[in-house]
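Participant: have a look at this prediction, sequence included:
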Amino acid sequence: MSEKISPTDRPTKGPFDVSEVGLLTPYLDFGSIRISPHPDMKIRADVDEKSKRVIALTLEVDSHRIQLQAFAATKNEGLWGTTLRALADGIGSQGGQAEELNGLLGPELHASVPVVAGETKVMRKSVFVGVDGPRWFLRGVMSGPDLLGPNYERLVSIFRSTAVNRGDIAMPPGDLLPLKLPTGDNE
């Protein structure tokens, strides 16, 4: 059984369960993930080419990005601990480097991930964050030219302002919660 990993102030400072936010709070509704609008933020839906399904949301502010994904979890077990180790192993097997550090949300993975840009292989700096919530797990991947200081804090603030809607559908732990593009009547 994996222990849940989340900041002790998660219920008051986020990321939130949709049941913890008021109806008057302005959120952009993407189904399982609700985004609190921030000034100058661009939102992109990442779509799987084969299934044409939205699999992640990427939020960008000042050339810095955080990609968000929400997963089903059980009430008592967390996914972040095992996910963290699996990410570190995967990055290492691809020739990258990963180091677990303690950040604003608890354990996070600071990595140099090999990426092919055109015909060149480059190492992209990324920071993986995660929080186990009630029956869900929210993962974020931060990237950008300068992930330290104010940029890191701003991306963590965006991550913490997110609300997850787990829904009532029975799903195995680790399954991606469904995302959809918002329509004009639920913003």
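Facilitator: Thanks, I have the structure now.
Participant: quick one: contacts for the most centrally placed residue in the chain?
Facilitator: For the chain, the residue nearest the mean C-alpha position is G140 (2.5 Å; CA atoms, centre = their mean). Taking CB atoms under 8 Å, 6 or more residues apart in numbering as the criterion, G140 is in contact with I66, Q67, L68, F128, V129, G130, L155, F159. All C-beta spots, glycine's among them, are computed from the backbone N, C-alpha and C.
Participant: who are the contact partners of the third one?
Facilitator: If I follow you right, that is L68. So L68 contacts I33, I35, A56, L57, T58, L59, L138, R139, G140, F159, T162 (CB under 8 Å, 6+ apart).
Participant: quickly list what it is bridged to.
Facilitator: As for beta bridges, L68 partners with L57, G140 under DSSP bridges.
Participant: okay, and A86 sits in which element?
Facilitator: Using DSSP states H and E, A86 maps to helix 80-93.
Participant: quick check: what element follows that helix along the chain?
Facilitator: Next along the chain after helix 80-93, taking DSSP H and E as the criterion, comes strand 97-103.
Participant: next, the angle helix 80-93 makes with that following strand.
Facilitator: In terms of direction (axes from the mean of the first three to the mean of the last three CA atoms, to 10 degrees), strand 97-103 departs from helix 80-93 by 150 degrees.
Participant: which residues in the chain form strands?
Facilitator: Remark: strands assigned in the chain by DSSP state E are 16-17, 28-29, 33-35, 42-47, 54-61, 64-72, 97-103, 106-117, 120-133, 136-143, 163-164.
Participant: of these, which is nearest P178?
Facilitator: strand 54-61 (8.2 Å; CB to CB).
Participant: contacts for the closest one next, please.
Facilitator: By CB under 8 Å, 6+ apart, strand 54-61 touches 30, 33, 35, 38, 40-48, 65-69, 154-155, 158, 176, 179-181.
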